[in-house]
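# Quick one, fold the following:
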Amino acid sequence: MTDFTLHTEETAPEASQALLKESQKSFGMIPNLHAVMAEAPGLLEGYQKLHALFLETSFTDEEVTVVWQTINVEHACHYCVPAHTGIAKSMEVDDRITDALRDKTPLPTDKLEALRDFTLSVVRDRGEVNDEAVKAFLAAGFEKRHILEVILGLSQKVMSNYTNHLANTPVDKPFKKFEWHADGGETS
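Reported below is the predicted structural model:
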């Protein structure tokens, strides 16, 4: 496995230094994901922009969490599942939602379940989602806009999940308590 540097503002390429400073300001730390991404300034900048744009979608915090964690779990991302568990807590998302996503158990509402199902269809079918899945999603109370916003969330998560797989990014200390393993071997 290739070792990737966990950059600081001092060690990062010049074009990433201001981006890491922004990460520090936004999160109170430089997340290890950002520290790895700093090696490629365009990747870090793109990720930060997509993150901000996805938070501005028409989804509620609960729905944002469903999209993010559905993708994280499907991609078996050892880093993003615990990180987004912590983020969901900071967004005051009900733990029942987070637990259901992590454990692949039923979500508390049919609408959230429809969102997870549709998101999985987009991921698994690589955007070639069948008409029945689209109709079911829209019938659950979502709009065409939401279809496209799922793609925005997926774009962000591909950047992070794939980076974490390749770099084996260490989970940040604040999120270690939410450790998760794809095989179900959670540690709390």
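# Show me where the chain has its strands.
Counting by DSSP state E, the chain has no strands to list.
# what residue lies at the spatial centre of the protein?
When the chain is reduced to its mean C-alpha position, the closest residue under CA atoms, centre = their mean turns out to be Trp68, at 4.0 Å.
# For that one, list the residues it contacts.
Trp68 makes contacts with Cys80, His84, Ile87, Gly153, Lys157, as judged by CB atoms under 8 Å, 6 or more residues apart in numbering. C-beta: built from backbone N, CA, C; applies to glycine.
# one more time with 7 Å, if that's ok
His84, Gly153, Lys157 (CB atoms under 7 Å, 6 or more residues apart in numbering).
# from these, which is closest to Asp110?
Minimum distance to Asp110 across the contacts of Trp68 is 20.2 Å, recorded for Gly153 (CB to CB).
# now the closest one, nearest residue through space, not along the chain?
Of all residues not flanking Gly153 in the chain, Val67 sits nearest, at 4.1 Å (CB to CB, 6 or more residues apart in numbering).
# I'd like to know how far that neighbour sits from Pro170.
In this view, Val67 and Pro170 are 25 Å apart by CB to CB, to the nearest Å.
# now swap in Ser16 and tell me
Taking CB to CB as the measure, Ser16 falls 19 Å from Pro170.
# These two: which is more packed in?
Neighbours were counted for Ser16 and for Pro170 using other CB atoms under 10 Å; Ser16 has more, 24 against 15.
# Just the pLDDT at the more buried one, thanks.
Ser16 is assigned a pLDDT of 98 by the prediction.
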